[in-house]
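[1] sequence first, then the predicted structure:
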Amino acid sequence: MNALLAAAGIDPWIAICSLVTVVITVGMGFWTAGKSKSAGDFFVAGRSVSVGWNASAISGEYLSAASFMGVAGMVMLNGYDALWYPVCYACGYLFLLLFIAGPLRRFGAYTIPDFAEGRYDSPVFRKIAVCFVLFIGFFYTMPQMKGAGTTLAYIFPGLHYSVGVIVVGAVITLNVSLGGMKGITLVQAFQYWLKVFAITVPIFVLASIVGHYQQHLEANKTAQETVAAAPAGIERKALTAKAPKDEQWIAPFGSLTTKAVDTAIKAAKTPEEKAALEANKKPYSLLYTYSLIIALVCGTAGLPHILVRFYTNPDGVAAKRTTMWVMILIGVFYVFPPVYGVIGRSLMPELYEAIGSKGTDKVVLELPTLLAGRDHPLLGSVLSGITCAGAFAAFMSTFSGLLVSMSSALAHDIYGRMLKPESSPEQRLKAFKWAAVIIGVVSVGLGTQVEKLNINYLVGQAFAIAAASYFPLLFMSVWWRGMTMRGAATGMLVGGLMALGAITLTTLSDVYAVQALADFWVAHPLARILCEQPAIWAVPLSIILMIVVSKATASTIPSDVRMKMLVLHAPEALGLKQEYIKEHEGLGGH
Amino acid sequence: MSESPSTPDSIHTDAFLARLMRDQLKLSIACALCFVVALVALPLLNYFQPEFMAQRVFGFTLTWLILGVLFFPFVWIISYVFIKRSIALEDAEAKAALDGLTK
């Protein structure tokens, strides 16, 4: 068996660790499937999940392929600027905690579309909200699929990228359609701990042998230093041609944020044009940084598959406690992926030469194998096996969570509320299962198209759309009594769609190399930055539209708005808590 | 949204709701400001004081140490303070409203 695997270029340890992760995930799904009976179990795990379990489960669901593989790859590729990703992924939860988590849970709705309808008494608004669940969800599944394809292609050299996408997509879809939400709460919680183990243990072992985080960082010289003073004992391979220079890599405003202007400078014809562009480089780069920060921080507070988890808390206080624990759990995790990127830059610069799934995105998987060249062949394989298991846990858990929230949107909102309001719970469960299959198939189809794009970049785009649509909706609906349905819908639709359109433009020109667009970006680097990172204009636009349209339609403020606001804000001890969806109806017609 | 019979009438006034929301929003905004100031300031410092931010601290550059490591505990502290105060605030509000009922 071993000889066979070795002949195919497959490391048995890596294959075994990955297989075990998949088997445990699927096994837990099956095991809990027997326990998920009612619709409530399927959609919100019966609202009975404890703070510890729920915090682990949210963290498990949140730490996606982008966090596990993408952040390390992006730090390796772009250096300092990419650090904003892990930091804002983790710290964005603060906005969720401060403004949204508690009130939203008190309102007691199953999904964001439930909230949208409940807050404004408008079924039309529900439909709009459902569309956004699907938009954001699909944008977010693409990088997960990309992670799956990359990892499988790494484990089984020679396997085509799209085969990995299809296999993983099929396994998870099966799992979700069997277990629903309750099934995955347990699995997600387990996978959080697996991911933390898989990211920390290999890097501690590795760092103790090849040198620590700060030592490898010190080996990169800053603009002020004339020579790179690598500390004693730190080896460094020569950088390859495509690798960014030390002083750009380690300093802010590097290749990530200046790419648009750099492309324009290369194409500039006269020295005057070049000089003008050079002068704009740094201010534009600052603008890019702020827009990225807004997208990530506000986007975290608006991700539908994360928000739905807050409904599994027993009350608003538990929802707040859960959020704090989530911040600690994911914050601890996010310290580590950049370490892989930094050490990878020193020791595996050859990854800079390839793009996509063969390039820096696989640094987390590949870095531990370095130990094989340092007289620890077994240790290298085992550790690489562990990081592969973590990668599996990462894209499987996030994809499961997305699949549940998107299938819920289809089954609960579209089928159960719009198409067949009179359907029985059995019919709805069946609809949930079919919805999971449909969405699984679409996600796999989309996933096969994005091999060339950077995992983390794709996730950032999903965040930007969430930031311009759901975040303003939730924030304003929770805190402003004067909001009307029309105001909320206009702001969310225009902000979200403009962000979606801008992002699609940049993605299309990157994937399919549309020449006309590429020329336009070269001529207008500022437009390129604002399209690539639309949050800086789309979020304020959405909020302003909400205010203006609400003022104009002030006569349509829901008549019982005071009661709704009380339910959102009054402490539970006052007995105002109303389950918008009554549990006892959960079996009848929720 | 039927009203629960056990809740005191005093909480169904605009004044109560306004106070409730104002107190909680004040706390949230105060905590958010700490966070936003840090988020806005770090890129500005990088922009205007690049040499200062690039100095070495334990091998890291200062700005890398702040963003890659120190930012996380900073946010944990804000959230811990917020949770403590927010729960205390809710308890006080509930108690005040229920006391109004017994009088």
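    Noted; the coordinates are in hand. Numbering: from 1, shown residues only, chains lettered A, B, ... in the order given.
[2] which stretches of the stretch 251-400 of chain A form strands?
    Applying DSSP state E, counting those that start in this stretch to the stretch 251-400 of chain A gives no strands.
[3] quick check: the residue of chain A nearest chain B.
    Distances between chain A and chain B by Cβ to the nearest Cβ are smallest at residue A:214, namely 3.1 Å. From N, CA and C alone the C-beta is placed, and that goes for glycine too.
[4] near residue 60, how many other residues are there?
    You didn't pick a chain, so chain A it is. Using other Cβ atoms under 10 Å in any protein chain shown, residue A:60 has 31 other residues around it.
[5] oops, wrong one, chain B.
    Neighbourhood size, residue B:60 [other Cβ under 10 Å]: 21.
[6] swap in residue B:29?
    The number of residues packed near residue B:29 is 13, by other Cβ under 10 Å.
[7] near chain A, anything from the host helix or strand of it?
    Residue B:29 is part of helix B:14-48 when elements are defined by DSSP states H and E. Yes. Helix B:14-48 comes into contact with chain A (Cβ under 8 Å from any Cβ of the partner chain), by way of B:14, B:17, B:20-21, B:24-25, B:28, B:31-32, B:35, B:39-40, B:43-44, B:46-47.
[8] that helix - what's its average pLDDT?
    The average pLDDT within helix B:14-48 is 86.
[9] again with stretch A:118-138
    83.
[10] now chain B against chain A: closest residue?
    For chain B, Cβ to the nearest Cβ, closest residue to chain A: residue B:59, 3.1 Å.
[11] follow-up on the earlier one: among the residues of helix B:14-48 next to chain A, name the buried ones.
    For the residues of helix B:14-48 next to chain A, a burial check counting by 16 or more other Cβ atoms under 10 Å in any protein chain shown picks out B:17, B:20-21, B:24-25, B:28, B:31-32, B:35, B:39, B:43, B:46-47.
[12] that older thread, list the contacts of the nearest residue to the residue of chain B closest to chain A once chain neighbours are set aside.
    Residue nearest to residue B:59 in three dimensions, not counting chain neighbours: residue A:214, with 3.1 Å by Cβ to Cβ, 6 or more residues apart in numbering or on different chains. Residues near residue A:214 by Cβ atoms under 8 Å, 6 or more residues apart in numbering or on different chains: B:58, B:59, B:60.
[13] for residue A:301, see how far away residue A:214 is.
    Distance from residue A:214 to residue A:301, counting by Cβ to Cβ, to the nearest Å: 32 Å.
[14] could you do residue A:159 as well?
    In terms of Cβ to Cβ, residue A:159 sits 38 Å off from residue A:301.
[15] out of those two, which sits in the busier spot?
    Using other Cβ under 10 Å, the more surrounded residue of residue A:159 and residue A:301 is residue A:301, with 25 against 16.
[16] ok, now which ones touch that one?
    Counted by Cβ under 8 Å, 6+ apart, residue A:301 has contacts A:92, A:93, A:95, A:96, A:99, A:100, A:467, A:470, A:471, A:474, A:475.
[17] ditto for residue A:379
    Counted by Cβ under 8 Å, 6+ apart, residue A:379 has contacts A:205, A:371.
[18] just checking, next helix/strand downstream of the helix holding residue B:29?
    As assigned by DSSP H and E, the chain's next helix or strand after helix B:14-48 is helix B:50-54.
[19] tell me the buried residues in that following helix?
    B:50, B:53, B:54.
[20] just the residues you listed that are near chain A?
    B:50, B:53, B:54.
[21] re earlier: other SSEs contacting the helix holding residue B:29?
    If you count contacts as 3 or more Cβ pairs under 8 Å, 6 or more residues apart in numbering or on different chains; DSSP states H and E, helix B:14-48 packs onto helix A:93-95, helix A:271-300, helix A:561-569, helix B:50-54, helix B:62-65, helix B:71-102.
[22] that older thread, so which of the ones next to chain A among the buried residues of helix B:50-54 is the closest to residue B:86?
    The nearest member of those to residue B:86, counting by Cβ to Cβ, is residue B:53 at 34.0 Å.
[23] show me the contacts for the closest residue to residue A:212 other than its chain neighbours.
    Computed as Cβ to Cβ, 6+ apart, the closest residue to residue A:212 that is not its neighbour in sequence is residue B:59, at 8.0 Å. Residues near residue B:59 by Cβ under 8 Å, 6+ apart: A:212, A:214, A:215, A:217, A:218, A:231.
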